[in-house]
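Trainee: Here's my sequence, what's the structure:
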Amino acid sequence: MIKERKEALDLAVSWLLKSIDPATGGSRANYSVLFNGFKGWSGPYPETTGYIIPTFLNIAAKFKELNMLPDKALKMGEWLLTLQFDDGAFPADIYYANKVRQKSIFNTGQIILGLTSLYDFTKDTRYLDSTSRAANWLVKNQSDDGTWPEYNYVNGFSPSYYSRVAWPLLKVYARDNDQVFKEAAVKNLRSIQKRQLSNGFIEGSGFQPDSYVFLHTLAYTIRGFLESALLLDDQDLWDSGYRFAEKIFRKFELKKQLYGAYYSDFTGVMWYQCLTGNVQIAIIWLKIYQRTGDARFLSAASKAIDVVVRYQVKNSFDGNRIGAVAGSAPVFGRYMFFRYPNWAVKFLADALLLEDQALQTLS
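Mentor: Below you'll find the predicted structure:
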């Protein structure tokens, strides 16, 4: 790995380790003295703890000196198992011991990503059993049209970034061969495909209906399509994700930056950048490069990663910020205003690993 990239990865790993809550073993959602008081750290976040698990396992597989990461991933998984509802659902929001827990479609999907990776790593059937129960809960709460009307961030709104719920359903299907999970995933993806406009944009990809879309959730939508397409070997689903990603790529080529948010005509909110979205889009472009060999996407991905590496905190009087990535650049941008979210660092680490893998194919 290129020296500068390895330094960024080491900082990311160090910060993610600092994010782990000593009481639960879960990764704390964000660091912000403004929002969380003098201690700085929020409570642990089940959703992102779920998808940090495969990041830790992937890093440890490449860098043997980071052999503490699988143990951290296992402790994360054990904590998540304690949070599962009897019906298979997992909770929404940041965890606090005295807070009433609500169920969440999206978070359940993201936690499945972590538990399936732990099953692959350990072959412990508790993890697979948990994901099957979670997937069954998702199926039972899905409407006939493929959407999820309840247990959402906005009541009654089933967003297009739930393509990233279809993907975890397919991961469970790939391990237990239950066709019900495959059918539910495809039904959801087909319903979202109907929202794709002639210009490639998929409406409903944001947190709110009929509003601008942060680059973060836009990338969620695309990634869900691409990963699902790879699992199903489905060219039509791949094409839906590719069209959206390729249009963002062309805008990036013209403007030399990714916007913080986009409207459905691809006009953007330009005064800030969504840093987690930058590295998420980089991951998407790297996935496209892997499948197509189109080096333009590799070049663009590296440029998008450059931006986030540049903004990663390298020096600070506050040691808890070193290695962190803000939600936005500048830090007062509208996405995760004045906060350093754990998912920004997780996606940076993923992008760095994938970029290194791609560059090795050129040597």
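
Trainee: Now residue 233: phi and psi?
Mentor: Residue 233 adopts backbone torsions of phi 50, psi 50, taken as degrees, to the nearest 10.

Trainee: how close does it get to residue 88?
Mentor: Separation of residue 233 from residue 88 (Cβ to Cβ, to the nearest Å): 28 Å. C-beta coordinates here come from the backbone N, C-alpha and C atoms, glycine included.

Trainee: Compare these two and say which one has the larger neighbour count.
Mentor: Each of residue 233 and residue 88 has its neighbours counted (other Cβ atoms under 10 Å); residue 88 has more, 21 against 8.

Trainee: From residue 361, how far out is the residue lying closest to residue 217 once chain neighbours are set aside?
Mentor: Computed as Cβ to Cβ, 6 or more residues apart in numbering, the closest residue to residue 217 that is not its neighbour in sequence is residue 161, at 4.6 Å. Separation of residue 161 from residue 361 (Cβ to Cβ): 30 Å.

Trainee: and if you look at residue 156?
Mentor: Using Cβ to Cβ, we find residue 156 at a distance of 45 Å from residue 361.

Trainee: Next: residue 206.
Mentor: With distances taken as Cβ to Cβ, residue 206 is found 34 Å from residue 361.

Trainee: Which one of these two is surrounded by more residues?
Mentor: A count of neighbours by other Cβ under 10 Å puts residue 206 above the other of residue 206 and residue 361, at 25 against 10.

Trainee: what sits against that one?
Mentor: For residue 206, the contacting residues are 159, 161, 212, 213, 214, 217, 218, 261, by Cβ atoms under 8 Å, 6 or more residues apart in numbering.

Trainee: Check those residues against residue 282 and report the nearest one.
Mentor: Set against residue 282, the nearest of the contacts of residue 206 by Cβ to Cβ is residue 218 (13.3 Å).

Trainee: can you count the residues close to that closest one?
Mentor: With other Cβ under 10 Å as criterion, residue 218 counts 29.

Trainee: and it, what helix or strand is that in?
Mentor: helix 215-232 (DSSP states H and E).

Trainee: Let me see the mean pLDDT of that helix.
Mentor: For helix 215-232, the mean per-residue pLDDT is 98.

Trainee: and what of stretch 241-250?
Mentor: On average, stretch 241-250 scores 98.

Trainee: now do stretch 268-287
Mentor: Average pLDDT, stretch 268-287: 97.

Trainee: With residue 29 as the reference, measure out to residue 206.
Mentor: Distance of residue 206 to residue 29, given as Cβ to Cβ: 20 Å.

Trainee: one step back: which residues does the residue nearest to residue 217 contact?
Mentor: By Cβ under 8 Å, 6+ apart, the contact list for residue 161 reads 106, 205, 206, 217, 218, 220, 221, 224.

Trainee: The lowest-mean-pLDDT helix or strand in the chain packs against which elements?
Mentor: Within the chain, no helix or strand scores below strand 268-269, which has a mean of 93 by mean pLDDT, DSSP states H and E. Strand 268-269 is packed against strand 261-262, with contacts defined by 3 or more Cβ pairs under 8 Å, 6 or more residues apart in numbering; DSSP states H and E.

Trainee: how does it look with 10 Å?
Mentor: Packed against strand 268-269 by the contact rule (3 or more Cβ pairs under 10 Å, 6 or more residues apart in numbering; DSSP states H and E) you find strand 213-214, helix 235-255, strand 261-262.

Trainee: Given that strand, what are its sheet partners and their directions?
Mentor: Strand 268-269 sits in its sheet next to strand 261-262 (antiparallel), going by DSSP bridges.

Trainee: average pLDDT for the strand it pairs with?
Mentor: 98.

Trainee: For that strand, which outside residues touch it?
Mentor: 201, 205-206, 211-218, 247-248, 251, 267-270, 272-274, 277, 333-335 (Cβ atoms under 10 Å, 6 or more residues apart in numbering).

Trainee: Pick the most buried one from the helices and strands packed on strand 268-269.
Mentor: strand 213-214 (a mean of 28; mean count of other Cβ atoms under 10 Å).

Trainee: May I have the strands that pair with it, each with its orientation?
Mentor: For strand 213-214, the paired strands and their directions (DSSP bridges) are strand 261-262 (antiparallel).

Trainee: just the strands in the stretch 101-250 of the chain please.
Mentor: Residue ranges of the strands in the stretch 101-250 of the chain, as given by DSSP state E, counting those that start in this stretch, are 103-104, 213-214.

Trainee: Dump those strands into JSON lines; add distance to residue 299 as well.
Mentor: JSON lines is the format used below for the strands of the stretch 101-250 of the chain (distance: least, Cβ to Cβ, whole Å):
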{"stretch": "strand 103-104", "distance to residue 299": "37"}
{"stretch": "strand 213-214", "distance to residue 299": "24"}
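
Trainee: Could you report the neighbour count for residue 102?
Mentor: Using other Cβ under 10 Å, residue 102 has 12 other residues around it.
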